[in-house]
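Peer 1: Quick one: sequence plus predicted model below, questions after.
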Amino acid sequence: MELISRYSGIFAIIVYSLILWLVLKIAKSRRKNEEDPKEETPVQRSVTPLNLNDEDATVACLVAAIECRNECHKNVRIVSVREV
């Protein structure tokens, strides 16, 4: 009994520390899942070659990339080009 009463404070601190660590780890994993959703659909990688001699198509691709960059605030890469 004397041993338990002598070290009960240290034991309590260790138990509280472990509980706090566990709660913080769970909260961090939940926050990470909320911030980084996997809602983005995979992009089909069908590459259509762009005719670089066609100035209208080249300009349209550049303008679309610039507008997407300004709207999303992320780096943009043109993967494929299709005429609509």
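Peer 2: Great, that's in hand.

Peer 1: distance of residue 57 from residue 68?
Peer 2: The spacing between residue 57 and residue 68, counted by CB to CB, to the nearest Å, is 16 Å. The way it works is simple: take the backbone N, C-alpha and C, and place the C-beta from them, glycine included.

Peer 1: do residue 61 as well
Peer 2: 11 Å.

Peer 1: which residues in the chain form helices?
Peer 2: Secondary structure of the chain (DSSP state H): helices located at 2-35, 55-72.

Peer 1: Looking at the last one now, give me its mean pLDDT.
Peer 2: If I follow you right, that is helix 55-72. What helix 55-72 shows for mean pLDDT is 87.

Peer 1: Give the buried residues for that helix.
Peer 2: By 16 or more other CB atoms under 10 Å, helix 55-72 has no buried positions at all.

Peer 1: With the longest one instead?
Peer 2: By neighbour count, and taking 16+ other CB under 10 Å as the criterion, helix 2-35 has no buried residues at all.

Peer 1: list the helices and strands the lowest-mean-pLDDT helix or strand in the chain packs on?
Peer 2: Least confident helix or strand, the chain: helix 2-35 with a mean of 84, by mean pLDDT, DSSP states H and E. The helices and strands touching helix 2-35, judged by 3 or more CB pairs under 8 Å, 6 or more residues apart in numbering; DSSP states H and E, number zero.

Peer 1: Report the distance from it to the chain centre.
Peer 2: Relative to its chain's centre, helix 2-35 lies at 28 Å (CA atoms, centre = their mean, to the nearest Å).

Peer 1: how does the chain divide up, domain by domain?
Peer 2: Following automatic domain parsing, the chain resolves into domains at 1-37, 46-84.

Peer 1: how much space between residue 31 and residue 24?
Peer 2: As judged by CB to CB, residue 31 and residue 24 stand 10 Å apart.

Peer 1: hang on, isn't residue 75 packed against residue 69?
Peer 2: Yes: when contacts are counted by CB atoms under 8 Å, residue 75 is listed as touching residue 69 (7.3 Å).
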